[in-house]
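**Q** Sequence first, predicted model second:
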Amino acid sequence: MEASLADIRSAIVGAKTPPPVVSIVAIDDRTAAAHGYPLDRATLARLANAITALKPKALAIDILLVDPGPEAGDAALTSALRQGPSVIAAAATFAQSSQRVTDAAEDPFAAIPEANQLLLPLPRFAEAAAVGIVNVATDQTGTPRFIPLISRAADRLDPAFPLRTASVALGVDPTIERDAIMLGKLRIPTDIGQRLPVTFYGGHGSIATFSAADALDGKLSADAVAGRIVVIGSTVTGGGDVFPTPFDPVMPGVEVMSTAITHLVTGDGMVRDRRMRLIDAATAIGLPIVLVSLVAWRRSAAGYVIIVLTLFVWAMLNLSAFAHGYWLSAALPIAAALPPALAYGAAELWLDRGRARHFAEQSALLQRIEAPGLGEWLARDPNFLAAPVRQNAAVIFIDLSGFTGLSENVGPVAVSEMLSGFFELVDEEARAHGGAITSFMGDGAMILFGLPEPADDDAARAAACAVSLCERTRAWLQAHAGFAQKKIGFKVGAHCGPIVASRLGTGDRQQITAAGDTINVGSRLMEVAARHGVELALSAEIVRAAGPDSRLTQSGRMEGPLETALRGRASRIDAWLWRSRTL
């Protein structure tokens with residue numbers, strides 16, 4: 001993952017021109033066609049002499065010279081290597097592709113894997129030139145990511161080919177520190193195991209490359225060599241020494257080595273040291289905390305935008321650091337942040353579903369307890385009636401008479417069943433006519449018309465509901481033989497006028513109710529009905545507001561108006577008595 005993200009960042013940053021410190025003299029297809037492949041030692045000696053004559057800063061040969069050749073050729077090459085500062089290649093082999101190492105603070109070599117074998121050049125060549133190890137550390141895709149600057153065997157330490165070349169060219173011996181290599185005053189930060197991070201300038205040919213055929217033919221320009229480090233290596237097609245990179249799927253190995261040499265000489269390589277890894281660790285801890293906090297803080301469109309912006313800012317900072325030569329891991333923070341953020345988000349979704357189910361159950365319960373209109377209104381406006389409101393409304397009171405004596409003689413189960421049936425009857429009629437039961441106490445109920453908002457037909461609907469309640473309650477009582485024997489009856493009062501609607505209670509338990517003279521008059525009208533032996537008594541106000549075409553006159557006989565006194569009220573009112581036509 002980190003390798004892929006490194007390639008993406010490299011592609012975004014783009015190719016750049018390398019510093020002009022290294023030139024490659026390539027044994028390419030043209031050289032192979034003219035002089036054969038691989039080059040014999042005598043031809044390689046002529047090539048080295050031709051380059052040395054042009055005064056390079058150092059000559060490095062990225063070719064393994066481990067087997068003896070014809071004596072004349074080996075002698076000529078040995079002589080050529082002695083003509084100037086030169087480096088030749090060696091290689092290390094490992095029993096396994098991955099090694100277990102330690103990171104002892106007191107030993108800068110503890111984290112360097114130990115090779116089980118070294119492929120060293122012939123002693124005569126090693127005496128004429130410095131030796132460097134050409135191994136690279138690749139990822140699973142084969143892309144070189146690091147150059148091990150120190151190679152460790154059972155009884156020796158060897159510098160890498162790029163480090164040896166840079167050291168020879170600069171004329172200083174490297175000094176090894178825990179997290180860096182010192183080349184004189186130049187400090188090169190290194191990663192775990194004294195590895196140099198490698199990033200490429202571009203595709204094949206980014207570093208100035210010239211054909212060995214031109215050098216052998218005397219056509220190589222002095223400007224291409226003088227004062228530069230010259231690396232001889234193979235780029236011949238099918239040679240096998242190639243690696244995939246973010247810019248080129250077949251980057252020659254000699255250019256990989258030349259890139260590392262340039263990094264060491266100029267100090268323009270990536271910084272991937274202990275400090276960067278500590279920043280990675282801090283980011284891997286901090287980013288999940290930030291993301292989880294943002295998920296917990298605000299799960300909304302704005303919250304998700306903030307989360308995306310946070311990730312974008314982090315990605316831009318990471319990319320900017322990469323562009324400026326600081327290799328901060330992109331994969332580690334992602335791998336650290338996504339699981340807890342996703343797990344927390346999934347847990348929150350699961351809890352939200354549970355809360356949603358709970359709220360749905362509570363809403364359904366509210367709809368069963370409160371009138372549908374009130375429940376829906378409260379869902380839209382939680383502050384409904386938080387402050388008392390004075391408005392016009394119509395009110396109906398209904399009460400069973402004689403039920404208290406009956407309840408003393410029957411069991412609690414029978415009482416509950418009877419009252420449940422009565423409540424269902426009242427609730428159905430209230431719902432059918434758009435009323436709200438704001439109070440149901442035992443064998444009586446109060447129904448309001450005008451909540452959540454008053455309407456012009458509140459009185460007409462209340463009058464129709466009162467008539468329906470009389471008809472259905474009478475039928476319900478007649479259906480129970482025991483009620484007739486116990487002389488169970490009912491009375492209904494209806495009135496309209498100004499009320500004060502509000503919530504009673506605080507905290508988690510509140511009740512919507514209404515108060516005022518209109519409520520008191522409606523309640524006392526039940527006594528008027530009982531006193532005159534009728535089922536329903538209405539005030540003149542509600543009869544007038546309901547209109548002449550109301551159900552009052554269609555389904556019953558109206559008597560009145562009668563001036564009547566009400567208990568607890570000084571002034572008298574005009575009342576109407578309603579009798580069913582079926583009685």
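**A** Nice, I can see it. Residues are numbered from 1 along each chain as shown.
**Q** Can you give me the pLDDT of residue 138?
**A** Looking at residue 138, its pLDDT stands at 87.
**Q** which residues touch residue 500?
**A** 388, 389, 390, 514, 515, 516 (C-beta atoms under 8 Å, 6 or more residues apart in numbering). (C-beta placed from N, C-alpha, C; glycine too.)
**Q** if you set the cut-off to 10 Å instead, what comes out?
**A** Residues in contact with residue 500, defined by C-beta atoms under 10 Å, 6 or more residues apart in numbering, are 388, 389, 390, 391, 393, 513, 514, 515, 516, 517, 518, 519.
**Q** ok, now residue 270?
**A** Remark: with contacts taken as C-beta under 10 Å, 6+ apart, residue 270 is in contact with 6, 145-146, 189, 191, 196-199, 263, 276, 322, 324-327.
**Q** before we move on, what about residue 136?
**A** Taking C-beta under 10 Å, 6+ apart as the test, what residue 136 contacts is 142-148, 160-162, 195-196, 198, 243, 253, 256-257, 260.
**Q** Look up phi and psi at the nearest residue to residue 323 once chain neighbours are set aside.
**A** Using C-beta to C-beta, 6 or more residues apart in numbering and skipping the chain neighbours, the partner closest in space to residue 323 is residue 13 (4.7 Å). Backbone torsions for residue 13, taken as degrees, to the nearest 10, come to phi -60, psi -40.
**Q** cool, the one 5 residues further on as well?
**A** Residue 18 adopts backbone torsions of phi -70, psi 150, taken as degrees, to the nearest 10.
**Q** Repeat that for residue 489.
**A** Per degrees, to the nearest 10, the backbone of residue 489 is at phi -130, psi -160.
**Q** and the nearest residue to it once chain neighbours are set aside, what does it touch?
**A** Once flanking residues are discounted, residue 489 sits nearest to residue 401: 4.6 Å by C-beta to C-beta, 6+ apart. Shown in contact with residue 401 (C-beta under 10 Å, 6+ apart): 443, 444, 487, 488, 489, 490, 491, 526, 529, 530.
**Q** Before we move on, what's the pLDDT of residue 401?
**A** 82.
**Q** mind pulling up the phi and psi values for it?
**A** The phi/psi pair for residue 401 (degrees, to the nearest 10) is phi -100, psi 140.
**Q** how much space between residue 541 and residue 474?
**A** When distance is defined by C-beta to C-beta, to the nearest Å, residue 541 is 25 Å away from residue 474.
**Q** Tell me which of these two has more neighbours.
**A** The neighbour comparison of residue 541 against residue 474 (other C-beta atoms under 10 Å) goes to residue 541, with 19 against 16.
**Q** Buried ones in the helix or strand containing the more buried one, by neighbour count?
**A** Assigned by DSSP states H and E, residue 541 belongs to helix 540-546. Residues of helix 540-546 classed as buried by neighbour count (16 or more other C-beta atoms under 10 Å): 540, 541, 542, 543, 545, 546.
**Q** Repeat that for stretch 13-23.
**A** For stretch 13-23, using 16+ other C-beta under 10 Å, the buried residues are 18, 21, 22, 23.
**Q** Now tabulate those residues in TSV and tack on pLDDT.
**A** Below are the buried residues of stretch 13-23 laid out as TSV (pLDDT from 0 to 100):
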residue	pLDDT
18	93
21	95
22	96
23	96
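**Q** picking up where we left off before, how about the contacts made by the residue nearest to residue 323?
**A** By C-beta under 10 Å, 6+ apart, the neighbours of residue 13 are 199, 246, 319, 320, 322, 323, 324.
**Q** from the residues you listed, which single one is nearest residue 536?
**A** Ranked by distance to residue 536 (C-beta to C-beta), the contacts of residue 13 are led by residue 319 at 81.2 Å.
**Q** Is the closest one located within a helix, as I assumed?
**A** Yes: with DSSP: H, G, I helix; E, B strand; the rest coil as the criterion, residue 319 is part of a helix.
**Q** now the strands: where do they sit in the stretch 401-550 of the chain?
**A** Using DSSP state E, counting those that start in this stretch, the strands found in the stretch 401-550 of the chain span residues 436-441, 444-449, 489-504, 511-515, 536-539.
**Q** Tell me which of those sits nearest to residue 302.
**A** When those are compared (using C-beta to C-beta), the closest one is strand 489-504, at 31.6 Å.
**Q** mind listing what's buried in that closest one?
**A** Under 16+ other C-beta under 10 Å, the buried positions of strand 489-504 are 489-497, 499-502.
**Q** Closest to residue 580 out of those residues?
**A** Using C-beta to C-beta, those come closest to residue 580 at residue 492, 11.5 Å.
**Q** Against residue 398, how distant is the closest one?
**A** 5 Å.
**Q** Residues that sit against both of those two, list them.
**A** Common neighbours of residue 492 and residue 398 (C-beta under 10 Å, 6+ apart) are 447, 465, 466, 469, 470, 473, 526, 535, 536.
**Q** Kindly indicate which of these lies nearest residue 225.
**A** Out of these, the member with the shortest distance to residue 225 (by C-beta to C-beta) is residue 447, at 105.6 Å.
**Q** hang on, the closest one packs against residue 428?
**A** No: with contact defined as C-beta atoms under 10 Å, residue 447 does not count as touching residue 428 (11.7 Å).
**Q** and the two? which has more neighbours close in?
**A** Neighbours per residue, other C-beta under 10 Å: of residue 447 and residue 428, the larger number sits with residue 447, 28 against 13.
**Q** Pull the number of nearby residues for residue 191.
**A** With other C-beta under 10 Å as criterion, residue 191 counts 23.
**Q** Could you do residue 90 as well?
**A** 23.
**Q** And residue 116, by the same measure?
**A** By other C-beta under 10 Å, 12 other residues sit near residue 116.
**Q** what do you get for residue 58?
**A** Applying other C-beta under 10 Å, we find 25 residues neighbouring residue 58.
**Q** Test my guess that it contacts residue 81.
**A** No: the criterion here is C-beta under 10 Å, and residue 58 misses it with residue 81 at 11.6 Å.
**Q** any common contacting residues for those two?
**A** With C-beta under 10 Å, 6+ apart as the test, residue 58 and residue 81 both reach 87, 129, 130.
**Q** List the contacts of residue 245.
**A** 7, 10, 141-145, 198-204, 206, 251, 255-256, 259.
**Q** Helix, strand, or coil at it?
**A** Going by three-state DSSP: residue 245 is coil.
**Q** Can you give me the separation between it and residue 142?
**A** Taking C-beta to C-beta, one finds residue 245 at 10 Å from residue 142.
**Q** One more: residue 19?
**A** Distance from residue 19 to residue 142, by C-beta to C-beta: 27 Å.
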